[in-house]
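Peer 1: model this:
(chains A and B)
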Amino acid sequence: MILKIAFRNTFRQKRRTILTALAMIVGFTLLSITIGLSDGAYGGIIEMFTRNRTGHIQVHRAGYLDKPSLYETIDGYAAIGETIQGTAGVEAWTPRVYAAGLGSVGEKSTAVQVIGIDVARETQATRFDKKVIEGSVLAETASHEAVIGKGLAKIISGTVGSEIVIFSQGADGSIANDVYKIVGIAESGDDATDRVACYLHIEDAQELFVLDGRIHEIVVIVSNINHVSKITDALEARLNNSTLEVSPWQVVAKSFYRAMKTDQQGDAISRWVIMFIVAIGVLNTVLMSVLERTREYGVLKAIGTKPTQIFWLVVCEVIIVTIGSICVGVPLGVLANYLLSISGITYPEAITYGGMKFTTLYAEVNVRCLIIPAITVMVSATIVSLFPAIKAARIVPAKAMRTH
Amino acid sequence: MEQNQKSDVIVTEGVTKVYAADGIPVNALNGIDLTIQSGEFTALVGPSGSGKTTFLNIISGLDSPTEGKVWLAGKVLSEMSGNELSDFRRDNIGFIFQAYNLIPVLSVEENVEYIMLLAGVPKAERHERVIAMLKSVGLEGVADRQPTQLSGGQQQRVAIARAMVSEPMIILADEPTANLDSKTGADLLEMMHRLNAETGMTFIFSTHDPMVMESAQRLITLRDGQIDSDETR
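Peer 2: Sure thing, here's the model as predicted:
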């Protein structure tokens, strides 16, 4: 009966109920859009960051991530790669060799990071071919070719067709030096990387650094980024090799991940501001409603309704309006996020995040952008209804029935 | 205080109520000692401001006395919690208010049924009792109507049905005929007399209505918050 009275009470002052519901619907939709845009933005950043650079999961020799070294290598990577490829959810994998050196074109020299790649696999996994903005991609077989970063090309005046000499130290302690023909200029989206990156065919890099078929890193791409944690565990179990370390992108790119999380927390503050404004509106209307019905609550109490039942009557009225508002807010939130996921919002100027440039902000339609607003609206409306509900429950019947 | 557990339904001892009106204390009741026995048909009379409604509110636990004690059916009201008081009122007291005070969002049938629902009476029994009670107050054809669709007299009949349907020990009525025409008032009064005779319920009225005063078995006159006279006929 309390629920019945609460339900009917919500339709007594239709205008007030509609205003309260509107505040909730607007709050819900705004929250949904905020989360959709935030998830869309971070989803895009993560996808671009992992696809272009780190991959979703990396395999190294244990300890390499903490202290990268030329000597911390993985043997027999082809067999490991086959195991990785056979793991459910894995889309592609690619091996890499990393070493530092000195690169010279003509009389200009600078520090370079040599990155030995399997061209075919790298193209499949991280779209390496799309990074080459001038010239061509490395040949698929070792042919003493190099693709250098855009920034590096500028520093050492390297052009397509010129030669780069690389000096370094081999894994056996010998002096490593060789000449490579620059066949392309690459732009990864990360300026810091592009100032030092010198891509060689993996076999050329292994030969230069006397690695005898060994590598430093295997990059794994998965088909669904949300399953990274599960696939990381599966890879660890399948590889079953204590000398290897399997790390998800959140561990590989710790500082990037932390910065992103901090940004997301900043977004959460804006969500709470929206909800605070909505909550104040709801509190105001519920308080007015309780004030108007003081006499009625007095009568209910006089004829035997318990204070706790009066309390739940007020809370139920708010919950009924909230459920109705959420039912209206859900399709609105989905529609708004869907439209924004197609058209996006174009930034007045491109913004850079994690070294990558973004020109358009797209929303994402997911369960989070409905669940979080629903919970937030429900919790905040219920919380703000507590004060009026307690006020109604504490009414002294004789005093309440004297009010008009 | 010694009580006769069999027949003393309401016992008050030194009941005093002081209100603060604009910061100035006003004595609404001044040390009232009174005993009302079961089955009495009592009218509380007196000029406006004499303390009739305040007394009814205090003996029903709708308000608390500043001083003194109230025993209702042998229980001290001031010793009960809010929820216990509500349960006690639900099970033992029926209220009839001057302004009817029906629940506007419930139909006539639901208004009458409400108290039994709170008391956990099974649905079939509730329905049966509501129909019987509406019949006894002459409202069998309006069960599905909303209170706003009824005349004042009909609304007061619904209030009486609501007050009596759970067969409480006491019916407290605050100026029940004040908003009714003489004919309707007389009909209702006759009906309450009949129910009093049939069920043995205790009726206590506060009233200015000479018709109610004449028909009361006991007439208690209040003046300035004190009992001025107490006459049993």
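Peer 1: quick check, A:Ala363 in a helix?
Peer 2: No. Going by DSSP: H, G, I helix; E, B strand; the rest coil, the assignment for A:Ala363 is coil, not a helix.
Peer 1: for it, what are its contacts?
Peer 2: Neighbouring residues of A:Ala363 by C-beta atoms under 8 Å, 6 or more residues apart in numbering or on different chains: A:33, A:36-37, A:39-40, A:336-338, A:340-341, A:344, A:369. (C-beta placed from N, C-alpha, C; glycine too.)
Peer 1: Tell me the buried residues within these.
Peer 2: Neighbour-count burial (16 or more other C-beta atoms under 10 Å in any protein chain shown) applied to the contacts of A:Ala363 gives A:33, A:36-37, A:39-40, A:336-337, A:340-341, A:344, A:369.
Peer 1: TSV please, covering those and showing secondary structure.
Peer 2: Shown next, in TSV, are those (three-state DSSP):
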residue	secondary structure
A:Ile33	helix
A:Gly36	helix
A:Leu37	helix
A:Asp39	helix
A:Gly40	helix
A:Ala336	helix
A:Asn337	helix
A:Leu340	helix
A:Ser341	helix
A:Gly344	coil
A:Cys369	helix
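Peer 1: Is it possible to get JSON lines of the residues you listed that adds pLDDT and distance to A:Lys150?
Peer 2: Conversion of the buried ones among the contacts of A:Ala363 to JSON lines gives the following (pLDDT from 0 to 100; distance: C-beta to C-beta, whole Å):
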{"residue": "A:Ile33", "pLDDT": "92", "distance to A:Lys150": "36"}
{"residue": "A:Gly36", "pLDDT": "91", "distance to A:Lys150": "34"}
{"residue": "A:Leu37", "pLDDT": "88", "distance to A:Lys150": "31"}
{"residue": "A:Asp39", "pLDDT": "86", "distance to A:Lys150": "31"}
{"residue": "A:Gly40", "pLDDT": "86", "distance to A:Lys150": "28"}
{"residue": "A:Ala336", "pLDDT": "94", "distance to A:Lys150": "38"}
{"residue": "A:Asn337", "pLDDT": "94", "distance to A:Lys150": "36"}
{"residue": "A:Leu340", "pLDDT": "93", "distance to A:Lys150": "32"}
{"residue": "A:Ser341", "pLDDT": "90", "distance to A:Lys150": "31"}
{"residue": "A:Gly344", "pLDDT": "85", "distance to A:Lys150": "27"}
{"residue": "A:Cys369", "pLDDT": "90", "distance to A:Lys150": "37"}
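Peer 1: between those, which is nearest A:Ile231?
Peer 2: Distance to A:Ile231, by C-beta to C-beta, is smallest for A:Asp39 among the buried ones among the contacts of A:Ala363, at 20.8 Å.
Peer 1: what's the nearest residue to that closest one if we skip its chain neighbours?
Peer 2: Leaving out its chain neighbours, the residue that sits closest to A:Asp39 by C-beta to C-beta, 6 or more residues apart in numbering or on different chains is A:Glu364, at 4.3 Å.
Peer 1: So that neighbour is in contact with A:Gly36, correct?
Peer 2: Yes. Judged on C-beta atoms under 8 Å, A:Glu364 makes contact with A:Gly36 at a distance of 5.6 Å.
Peer 1: list the residues that contact both of the two?
Peer 2: Listed as contacting both A:Glu364 and A:Gly36 by C-beta under 8 Å, 6+ apart are A:337, A:341.
Peer 1: quick check: longest helix of chain B.
Peer 2: When chain B is parsed with DSSP state H, its longest helix is helix B:182-199.
Peer 1: how far does the following helix or strand past that helix sit from the chain's center?
Peer 2: Proceeding N to C from helix B:182-199, the next assigned helix or strand is strand B:202-206, under DSSP states H and E. Chain-centre distance of strand B:202-206: 6 Å, with C-alpha atoms, centre = their mean, to the nearest Å.
Peer 1: Can you tell me what sits against strand B:202-206?
Peer 2: Residues outside strand B:202-206 that contact it (C-beta under 8 Å, 6+ apart) are B:9-10, B:36-45, B:52-53, B:55-56, B:59, B:169-176, B:192, B:196, B:212, B:216.
Peer 1: most distant residue from the middle of chain B?
Peer 2: For chain B, the residue at maximal distance from the C-alpha centroid (C-alpha atoms, centre = their mean) is B:Gly23, at 30.5 Å.
Peer 1: rewinding a little: in helices only, show me the contacts of strand B:202-206.
Peer 2: Counting by DSSP H, the contacts of strand B:202-206 place B:52-53, B:55-56, B:59, B:192, B:196, B:212 in helices.
Peer 1: Walking through chain B, point out its strands one by one.
Peer 2: With DSSP state E, the ranges of strands along chain B come out as B:8-21, B:24-37, B:41-45, B:67-72, B:75-76, B:93-96, B:170-174, B:202-206, B:218-223, B:226-232.
Peer 1: Show me which residues of chain A are close to chain B?
Peer 2: Contact residues (C-beta under 8 Å from any C-beta of the partner chain) of chain A with chain B: A:1, A:4-5, A:8-9, A:12, A:295-296, A:299-309, A:393, A:396-399, A:401.
Peer 1: again, 10 Å this time
Peer 2: Residues of chain A lying close to chain B by C-beta under 10 Å from any C-beta of the partner chain are A:1-2, A:4-12, A:293, A:295-296, A:298-310, A:393-394, A:396-402, A:404.
Peer 1: one step back: type out the ChimeraX command that picks the buried ones from the contacts of strand B:202-206.
Peer 2: Only the buried entries of the contacts of strand B:202-206 go into this ChimeraX selection, using 16+ other C-beta under 10 Å:
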select /B:9,10,36,38,40,41,42,43,44,45,52,53,55,56,59,169,170,171,172,173,174,175,176,192,196,212,216
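Peer 1: can you tell me which of the contacts of strand B:202-206 are up against chain A?
Peer 2: Restricting the contacts of strand B:202-206 to those near chain A by C-beta under 10 Å from any C-beta leaves B:53, B:56, B:172, B:174.
Peer 1: For those, give me JSON lines that also has pLDDT and distance to A:Val379.
Peer 2: JSON lines is the format used below for those (pLDDT from 0 to 100; distance: C-beta to C-beta, whole Å):
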{"residue": "B:Thr53", "pLDDT": "90", "distance to A:Val379": "43"}
{"residue": "B:Leu56", "pLDDT": "92", "distance to A:Val379": "43"}
{"residue": "B:Leu172", "pLDDT": "92", "distance to A:Val379": "42"}
{"residue": "B:Asp174", "pLDDT": "88", "distance to A:Val379": "42"}
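Peer 1: Neighbours of whichever residue of the stretch 251-400 of chain A sits closest to chain B, how many?
Peer 2: Using C-beta to the nearest C-beta, the single residue of the stretch 251-400 of chain A nearest to chain B is A:Gly304, 2.5 Å away. A count of nearby residues for A:Gly304, using other C-beta atoms under 10 Å in any protein chain shown, gives 25.
Peer 1: Make sure it is indeed in a helix.
Peer 2: No. Counting by three-state DSSP, A:Gly304 is not part of a helix but coil.
Peer 1: May I ask which two of the buried ones among the contacts of A:Ala363 are separated the most?
Peer 2: Taking C-beta to C-beta, the two most distant members of those are A:Gly344 and A:Cys369; they sit 15.4 Å apart.
Peer 1: rewinding a little: state the distance from the nearest residue to the residue of the stretch 251-400 of chain A closest to chain B once chain neighbours are set aside to B:Glu67.
Peer 2: Sequence neighbours aside, B:Arg90 is the residue nearest to A:Gly304 in space, at 2.5 Å (criterion: C-beta to C-beta, 6+ apart). B:Arg90 is 27 Å from B:Glu67, where distance means C-beta to C-beta, to the nearest Å.
Peer 1: ok, these two, which is more surrounded?
Peer 2: Neighbours were counted for B:Arg90 and for B:Glu67 using other C-beta under 10 Å; B:Arg90 has more, 21 against 13.
Peer 1: Return the residues in contact with that one.
Peer 2: Each residue near B:Arg90 by C-beta atoms under 10 Å, 6 or more residues apart in numbering or on different chains is listed here: A:302-306, B:114-116, B:118-119, B:166, B:168.
Peer 1: ok, A:Ala392 - contacts?
Peer 2: A:286, A:289-291, A:293-294, A:296-298, A:300-301, A:307, A:310-311, A:313-315, A:385, A:400.
Peer 1: Much appreciated, bye for now.
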